[in-house]
Structure formats: structure tokens, C-alpha cells
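1. 3D, please:
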Amino acid sequence: QVQLVESGGDLVQAGGSLRLSCVVSSSGSGFSFKTMTWYRQAPGKQRELVAGITSSDDSNYAESVKGRFTISRGNAKNTVYLQMNSLKPEDTAVYYCNADVTYYDTSYGNYWGQGTQVTVSS
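-> Below is the predicted model of the structure:
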């Protein structure tokens, strides 16, 4: 069983910073977490990709967050962070963590966390 738990969402003023965390846990050994991605969904809008990072630490970002957000992985590779700087009101959304999981190098599934709310006030 695989579970993703996000944390770090909060209410912050425009121009401020937040750091989101996502910890992936699994029962038993043999699991690896390949590409890990942050998405967000604002009220009335579709869920959109924010940033992703591969197991080799290659990263990609949505144009709207380039230069402001940084995605990184923890040393144990089961944690992914999203450092968000220079936050804008339009960054307000529920942020979700997503992970591609393998079991002994065979695809096991794609998993989502429950989301964490980020609210940026103007």
C-alpha cells in the first residue's frame, strides 16, 4: 500500500514564501518513487501541473512559476518539497502531490495525496 501525505499549506501574504512537503510511505520493501509531481487546483479551474522531478533529479516547471518555485527531493527519495517564493494571489489553490510508483522496477501505479491548501492574500 502506498500513501502520500502533503503538508505546509497556509495563509500567506503576497510576496511571502511557503515550503510544501510530500512524504510517500509504503508497506514493505521494493517500492521506488520515480517521477514526483506537484499539481494545483484553484476553485472553478482544472488541475494543473506546477512542477515535477524525476528520480535523476531532472525537473520541469509551469511557466507561471518558473523562477519563483523550486522542486527538490529529500535524500531518502521518498520526500518531495516545493519551495514557493514571491507568492502571488493567483497561486492560491489546493496543492496536490503525485507519484509514479514502481515495485521492484515494475510499474505499480500512480498515486495522489489529499492536498494542502495554499492561500495568498493581496
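
2. Next, residue 57: secondary structure please.
-> The three-state assignment at residue 57 reads coil, by DSSP: H, G, I helix; E, B strand; the rest coil.

3. Check the secondary structure at the residue positioned nearest the centre of the chain for me.
-> Nearest to the geometric centre of the chain sits residue 38, at 2.9 Å (C-alpha atoms, centre = their mean). Classification of residue 38 using three-state DSSP returns strand.

4. Please name the nearest non-neighbouring residue to it.
-> residue 50 (4.3 Å; C-beta to C-beta, 6 or more residues apart in numbering). Where you see a C-beta, it was placed from the backbone N, CA and C, and this is true even at glycine.

5. Need the residues that contact the helix or strand where that neighbour lies.
-> Assessed by DSSP states H and E, residue 50 sits inside strand 48-53. Outside strand 48-53, the residues within contact range by C-beta atoms under 8 Å, 6 or more residues apart in numbering are 35-41, 59-62, 65, 69-73, 80, 82, 95.
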